[in-house]
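Asks: Predicted model follows, preceded by the sequence.
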Amino acid sequence: MYQLLKQIVRTGIRTEAAPAADETLRVTAQRLQQAVLARLGRALVIRQVDAGSCNGCELEIHALNNPYYNLEALGIKFAASPRHADLLLVTGPVAKNMEIAVKRAYDATPAPKLVLATGDCACTGGIFGESYASHGRVSSVIPVDVAVPGCPPTPLAIMQGILTAITGARKED
């Protein structure tokens with residue numbers, strides 16, 4: 001234990017530098033917040049569904065909740081149930097054993113529902129494609145409103161995809 005404490009004192013505190021202010025992020029966040037309020041008049045609720053991904057996209061989705069991106073401050077929340085969701089955020093190629101779960105999540109989401117395919121695997125099937133174990137892209141199982149490519153896509157790209165889904169969808173009363 002003494003050796004470890006000695007090494008800590010010798011090394012000092014090592015942290016990353018704070019990121020510089022990103023104008024694109026600020027503008028996107030502001031537009032996203034305004035679009036959510038204009039469309040819903042309340043918080044946007046997202047249900048994230050992993051349809052068979054490698055979890056690279058999930059890491060970027062989790063980054064949306066950190067203090068830098070701070071999605072909750074924009075009026076966007078994640079829910080555990082699709083019954084409370086406005087938007088399904090699907091990652092990964094749809095594995096054969098996840099087909100029914102993805103369809104059930106889509107059916108349980110109240111109308112008007114939005115679907116965001118996140119990552120190359122969800123958009124095109126990625127390196128997995130269609131096979132005996134995979135349906136490939138999400139759009140082969142449920143309708144997709146917006147596709148966000150990237151392996152994995154950046155949190156900013158995911159935010160822009162959510163913005164596109166919110167502003168591109170027609171308002172239904």
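Replies: Okay, I see it.

Asks: Skip ahead from the helix or strand of the chain with the lowest mean pLDDT and say which helix or strand is next.
Replies: Across the helices and strands of the chain, mean confidence by mean pLDDT, DSSP states H and E is lowest for helix 2-11: a mean of 83. Sequence order places helix 23-40 as the next helix or strand after helix 2-11, per DSSP states H and E.

Asks: I'd like the next helix or strand past that next one.
Replies: Once the chain leaves helix 23-40, the next helix or strand it forms, by DSSP H and E, is strand 44-50.

Asks: and residue 110, that's in a helix?
Replies: No: per DSSP: H, G, I helix; E, B strand; the rest coil, residue 110 lies outside any helix segment and is coil.

Asks: which residues touch it?
Replies: Listed by C-beta atoms under 8 Å, 6 or more residues apart in numbering, the contact set of residue 110 reads 83, 85-86. Bear in mind the C-beta positions are built from the backbone N, C-alpha and C, glycine included.

Asks: Check what pLDDT it gets.
Replies: At residue 110, the pLDDT value in this model is 92.

Asks: separation between it and residue 86?
Replies: Look at residue 110 and residue 86: by C-beta to C-beta, to the nearest Å, they are 8 Å apart.

Asks: can you list the weak-confidence ranges in the chain?
Replies: 15-19, 169-173 (pLDDT under 70).

Asks: Quick check: nearest residue in space to the most centrally placed residue in the chain, chain neighbours excluded?
Replies: Ranked by distance to the mean C-alpha position of the chain (C-alpha atoms, centre = their mean), the top residue is residue 61 at 4.5 Å. Spatially, and ignoring its direct neighbours in sequence, residue 61 is nearest to residue 48 (6.0 Å; C-beta to C-beta, 6 or more residues apart in numbering).

Asks: Is the one you found in contact with residue 78, as I believe?
Replies: Yes: the pair residue 48 / residue 78 is scored as a contact, 6.2 Å apart, by C-beta atoms under 8 Å.
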